[in-house]
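Chemist: Fold the following for me, if possible:
(one chain, ligands or ions: 1)
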Amino acid sequence: MSTNTASPLPPLEPPAPRGTNRGTTGPSPRPGIAMLPGYSRSAGKASVRWIASSNELPVPPSRAVQDAVAAAAADANRYPSLAGDNLVAAVAGRLGLEPGQVVAGAGSLALLQLLLTTYTGSGDEVIYAWRSYEAYPILVGVTGAAAVEVPLTSATRHDLNSMAAAITTATRAVIVCSPNNPTGTTIDHEELMDFLNRVPAQVLVILDEAYREFSLTEHDSTHLLKKYANLAVLRTFSKAYGLAGLRAGYLAASQDIAANLRRAAPPFPLSRVAEAAAIAAWNEPDATAQTISRIVDERRYLSAQLRSRGIEVPESGGNFVWIPAGDRALELEAACLAQSVSVRAFDREGVRITLGEHGATTAVLAAVDSMGAAVHTTSGTLCTLT
Ligand SMILES: *Cc1c(COP(=O)(O)O)cnc(C)c1O
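Modeler: Take a look at the predicted model:
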């Protein structure tokens, strides 16, 4: 027990009157925080045979990656490098960038949040397509900026004309997602350059390429950094590299953007273990290419099977396929669960199926078939299962 007899410090300010704090007497977050939507969780994951709901790889990390993890864990009493320096050097070396252009983070979501909090805030506008990644409205909301959502085209692609037209003097950033989660549609190189040519130089363009490795494009968008100083490219080790559970990603941008992000970021963004695993995975390009090739084969198969049933599946560049089930999205999710495969449903929009195991693909097709014959509808843009 304390023997200190000094009188307690007086409060700096009188406490807020009761009832002004959303009915509690605890601290209040900044305006808007309490209204943010939560991240969705996939239903029934624990009890199913196949997990096809979170765009993860179905296979554990390679032996080399697991060995790197074990070795790094043995030094866990030591701080990691200040800014993921070894991973930054490896990534910059392979991509032909200056290390000063690459920023490593605990997943690309952490880097997206860093970008948004560094470059946007209250009074600003941030444009992104919708439907797209569910993190965007949340992370934009955290900054206090206003979200400007531009609907996808009827083919579930980014409407880059409308996105460019939505830019105002208040716009500080535009997020483009290619391949788009959850529809899988990609933005091709010419389209992207045409868009970048129309965005004012002071507006940040954030290109989220979480799934780029599955799109088999020969263009590497980081080459565009030479021409566009307002571009930031986000990539991750969670998807094609299969390290979702360890949290590692990187960003490539101008030296100026990267320097500002380093100023704003807390030090030691990656754990020692995550950095070592990411480097080990980065150094196995052949194994990564094999995994990708298997998943792309699965994508071709499932897309063709669904199309042969009359379902208009958009061409996907990701490790997932979008079924535009419309009003029957939740019903299709339940039918998939009945076949012991978890998927991600977006109510009244569609269902996203992660590719990986052939058994999961077969189970999804059985679920589709259990709902009856699929036909085209003329009522709207989405093909509806009937
Ligand atoms: C999965 C995903 C990410 C990756 O997030 P991490 O934080 O790197 O795991 C980023 N963007 C999109 C669109 C995604 O689907």
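
Chemist: and the residue in the stretch 101-250 of the chain positioned nearest to the ligand, what does it touch?
Modeler: Going by C-beta to the nearest ligand atom, the ligand is nearest to G107 of the stretch 101-250 of the chain, at 2.6 Å. All C-beta spots, glycine's among them, are computed from the backbone N, C-alpha and C. With contact set as C-beta atoms under 8 Å, 6 or more residues apart in numbering, G107 has these partners: T236, S238, R247, A248, G249.

Chemist: got it, and R198?
Modeler: A164.

Chemist: ok, now A72?
Modeler: Contacts of A72 by C-beta under 8 Å, 6+ apart are S271, R272, V273, E275, A276, A277.

Chemist: Please apply the same query to V69.
Modeler: P61, L246, V273, A276, A277, A280.

Chemist: Recalculate using a threshold of 10 Å.
Modeler: P61, L243, L246, R272, V273, A274, A276, A277, A280 (C-beta atoms under 10 Å, 6 or more residues apart in numbering).

Chemist: Quick check on the fourth one: phi, psi?
Modeler: In other words, R272. With angles defined as degrees, to the nearest 10, R272 sits at phi -50, psi -40.

Chemist: how close does it get to V91?
Modeler: 17 Å (C-beta to C-beta, to the nearest Å).

Chemist: swap in the first one?
Modeler: For P61, the distance to V91 under the criterion C-beta to C-beta works out to 18 Å.

Chemist: so what does the longest helix seen in the chain touch, helix or strand wise?
Modeler: For the chain, the helix with the greatest residue count under DSSP state H is helix 285-308. Other helices and strands packing on helix 285-308, by 3 or more C-beta pairs under 10 Å, 6 or more residues apart in numbering; DSSP states H and E, are helix 272-282, strand 320-323, strand 350-354, helix 358-370.

Chemist: right, and those - which one's nearest the ligand?
Modeler: Proximity to the ligand (C-beta to the nearest ligand atom) singles out strand 320-323 among those, at 8.9 Å.

Chemist: Can you read off the pLDDT for the residue of the stretch 101-250 of the chain closest to the ligand?
Modeler: The model reports G107 with a pLDDT of 97.

Chemist: Now do the same contact list for N161.
Modeler: Counted by C-beta under 10 Å, 6+ apart, N161 has contacts V150, T153, E191, D194, F195, R198.

Chemist: how near is the last one to E125?
Modeler: If you measure R198 against E125 using C-beta to C-beta, the figure is 16 Å.

Chemist: For L139, list the residues it contacts.
Modeler: Contacts of L139 (C-beta under 10 Å, 6+ apart): 36, 109-110, 112-117, 120, 126, 128, 133, 145, 147, 175.

Chemist: can you give me phi and psi for A253?
Modeler: According to degrees, to the nearest 10, A253 has phi -160, psi -170.

Chemist: so what's it up against?
Modeler: Here A253 is in contact with 97, 100-103, 111, 115, 204-207, 222, 225, 228-234, 259-261 (C-beta under 10 Å, 6+ apart).

Chemist: if you look at these, which of them are in helices?
Modeler: Judged by DSSP H, the contacts of A253 include L111, L115, A259, N260, L261 as members of helices.

Chemist: Could you pick out the buried ones from the residues you listed?
Modeler: L111, L115, N260, L261 (16 or more other C-beta atoms under 10 Å).

Chemist: tell me the two of those residues that are most distant?
Modeler: Largest separation among those by C-beta to C-beta: L111 and N260, giving 12.7 Å.

Chemist: intersection of neighbour lists for those two?
Modeler: By C-beta under 10 Å, 6+ apart, the residues touching both L111 and N260 are V103, A253.

Chemist: so who does N180 touch?
Modeler: 129, 131-133, 152, 156-158, 186-187, 208, 210-211, 314, 316-318, 322.

Chemist: again, only using 8 Å
Modeler: By C-beta under 8 Å, 6+ apart, the neighbours of N180 are A129, S132, Y133, L152, T156, R157, H158, T186.

Chemist: give me the number of residues near the first one?
Modeler: Residue neighbour count, defined by other C-beta atoms under 10 Å, stands at 28 for A129.

Chemist: and what of the second one?
Modeler: Using other C-beta under 10 Å as the criterion, S132 is surrounded by 22 other residues.

Chemist: Just give me how far stretch 94-112 sits from the chain centre.
Modeler: Put simply, stretch 94-112 sits 15 Å off its chain's centre (C-alpha atoms, centre = their mean, to the nearest Å).

Chemist: separation between the residue nearest to Y211 when sequence neighbours are not counted and V174?
Modeler: Of all residues not flanking Y211 in the chain, G318 sits nearest, at 3.8 Å (C-beta to C-beta, 6 or more residues apart in numbering). With distances taken as C-beta to C-beta, G318 is found 21 Å from V174.
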